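Asker: Could you look at this predicted model? Sequence included:
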Amino acid sequence: MALYGKIAVVTGAAMGIGRAITEILLQNGCKVALLDMNEAAGNDLMEVLEKLYGEERTLFLQCNVESEEQIKAALQKTVDTFGGIDILCNNAGILNELTWEKMVSINLIGAIRVAYLTLEHMSKLNGGQGGVIVNTASIAGIEPIASSPVYTAAKHGVVGFTRAMATASTALEYGVRFNAICPSFVETTLLIGIGDRLGQFSELDKSPLDKIRLLDVSEVAEAVLELVTDGTKNGEALMVFSDGKEYATFPSFI
Ligand SMILES: NC(=O)C1=CN([C@@H]2O[C@H](COP(=O)(O)OP(=O)(O)OC[C@H]3O[C@@H](n4cnc5c(N)ncnc54)[C@H](O)[C@@H]3O)[C@@H](O)[C@H]2O)C=CC1
Ligand SMILES: CCCCCC(=O)CC\C=C/C=C/C=C/[C@@H](O)[C@@H](O)CCCC(=O)O
């Protein structure tokens, strides 16, 4: 997909990986609607982005991915402002094994909710132009991380949802590609003080964190850009490690 003039929605866009995805899409000519529940961080970022890219190419919309009403309103505002949606980067997420039901609600149910509501604008079945949805999973969506069983479960869910939707989209002719991005550990606020959010698993949190180089958010954004632009990888999950990228392989029984 050539990106110049394309319209993207990024959730969890105010900070961390979502911010880096937003910036790389803007650098490649997209217009971007930034959705995030953190209004202060969103407004701060908008000041920076408007200076760099102009006021016409960005839109900040406060939106909690747990709220169907807020997502619907944000997507409609995006369509009314920019004229459609070509790209969704479904990225908002938290890590907190203490509030594990909320974590499933944001990381898995929220991602599904945003994807379904975006398809109402994007799918060719609904009069849309088609496009691409990149869901931010994690390496924890491919292999278990012992200190974070529910995070692991939610991210495995994101990968499974992505792969099933890719096949469904092809069969039903939505014209929408689906991919999962699966980074290893990335230097963001999500990792700060994780030991306090792992509950009974907190003694396990040392695992690889002391031994590996944390990824920079720009490395994840580059990998997302690869998925957005490469039309041949529908359904694939791209893992990003400190020493490179690799598409995941899965067993097939059907
Ligand atoms: N940092 C890491 O090591 C890794 C992170 N990930 C995933 O990447 C995604 C982004 O995480 P980071 O950038 O690291 O975290 P972060 O904490 O730096 O940024 C997350 C952003 O999502 C927003 N957010 C959180 N809950 C929200 C909600 N209910 N509705 C709307 N916005 C919400 C926050 O306000 C924040 O701006 C998450 O899905 C995370 O699970 C995946 C692999 C590794
Ligand atoms: C403590 C929880 C942090 C969760 C945040 C993430 O989503 C980070 C990624 C999750 C899981 C990582 C698993 C790591 C597995 C290791 O066996 C090894 O494969 C890591 C290699 C790291 C690298 O080279 O970058």
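Answerer: Sure, I can see it. As the structure is a prediction and not an experimental result, all values here were calculated from the model. Ligands and ions are numbered 1, 2, ... in the order given.
Asker: mind listing the helices for the stretch 1-150 of the chain?
Answerer: Using DSSP state H, counting those that start in this stretch, the helices of the stretch 1-150 of the chain run over residues 16-27, 39-53, 68-82, 100-104, 111-122, 149-172.
Asker: do the stretch 151-254 of the chain as well
Answerer: Counting by DSSP H, counting those that start in this stretch, the helices of the stretch 151-254 of the chain are 217-229.
Asker: Spell out which parts of it neighbour ligand 2.
Answerer: Selection of the stretch 151-254 of the chain residues close to ligand 2 by C-beta under 6 Å from any ligand atom yields Y151, S184, F185, I194, D205, P208, I212, F241, S242, D243. C-beta here means a position set from N, CA and C on the backbone, and glycine is covered the same way.
Asker: Going by neighbour count, which of those residues comes out on top?
Answerer: Highest neighbour count within those: Y151, with 27 neighbours (other C-beta atoms under 10 Å).
Asker: and the stretch 1-150 of the chain, which of its residues are near ligand 2?
Answerer: L95, S138, I139, A140, E143, I145, S147, S148.
Asker: hmm, try it at 5 Å
Answerer: S138, I139, A140, I145, S147, S148 (C-beta under 5 Å from any ligand atom).
Asker: Run a quick neighbour tally on the fifth one.
Answerer: I take that to be S147. Residues within reach of S147, counting by other C-beta under 10 Å, total 24.
Asker: Identify the residues contacting the nearest residue to it once chain neighbours are set aside.
Answerer: Spatial nearest neighbour of S147, chain neighbours left out: L204 (3.9 Å); criterion: C-beta to C-beta, 6 or more residues apart in numbering. Neighbour list for L204: A146, S147, L198 [criterion: C-beta atoms under 8 Å, 6 or more residues apart in numbering].
Asker: Tell me the spacing between the first one and L204.
Answerer: Distance, A146 to L204, using C-beta to C-beta, to the nearest Å: 5 Å.
Asker: most packed of the helices of the stretch 1-150 of the chain?
Answerer: Ranked by mean neighbour count, the helices of the stretch 1-150 of the chain are led by helix 16-27 with a mean of 24 (mean count of other C-beta atoms under 10 Å).
Asker: list the contacts for the nearest residue to K155 once chain neighbours are set aside?
Answerer: Among residues not flanking K155 along the chain, G141 sits closest, at 3.5 Å (C-beta to C-beta, 6+ apart). Contacts for G141 (C-beta under 8 Å, 6+ apart) come out as T152, K155, H156, G157, V158, V159, A180, C182, A237.
Asker: redo that, cut-off 6 Å
Answerer: K155, H156, V158, V159, C182 (C-beta atoms under 6 Å, 6 or more residues apart in numbering).
Asker: and what of V65?
Answerer: T11, A92, G110, V114.
Asker: contacting residues for F201?
Answerer: Contact analysis of F201 by C-beta under 6 Å, 6+ apart lists S147.
Asker: Spatially central residue for the protein, please.
Answerer: Centroid-nearest residue in the chain: N91, 2.3 Å away (criterion: C-alpha atoms, centre = their mean).
Asker: Would you agree that residue is in contact with N135?
Answerer: No - taking C-beta atoms under 6 Å as the definition, N91 is not a contact partner of N135, at 7.9 Å.
Asker: partner residues bridging the closest residue to G84 other than its chain neighbours?
Answerer: What sits nearest to G84 in space, not counting adjacent residues and going by C-beta to C-beta, 6+ apart, is I7, at 5.5 Å. Taking DSSP bridges as the rule, I7 bridges to K31.
Asker: next one: the one 4 residues further on
Answerer: The residues paired with T11 through beta bridges, assigned by DSSP bridges, are L35.
Asker: so what strands line up beside the longest strand seen in the chain?
Answerer: Criterion DSSP state E: the longest strand present in the chain is strand 176-183. Sheet pairing for strand 176-183, assigned by DSSP bridges, gives strand 131-136 (parallel), strand 237-241 (parallel).
Asker: Other residues contacting that strand?
Answerer: With C-beta under 6 Å, 6+ apart as the test, strand 176-183 has contacts from 122-123, 130-139, 141-142, 159, 162, 165-166, 169, 215, 220, 223-224, 227, 234, 236-240.
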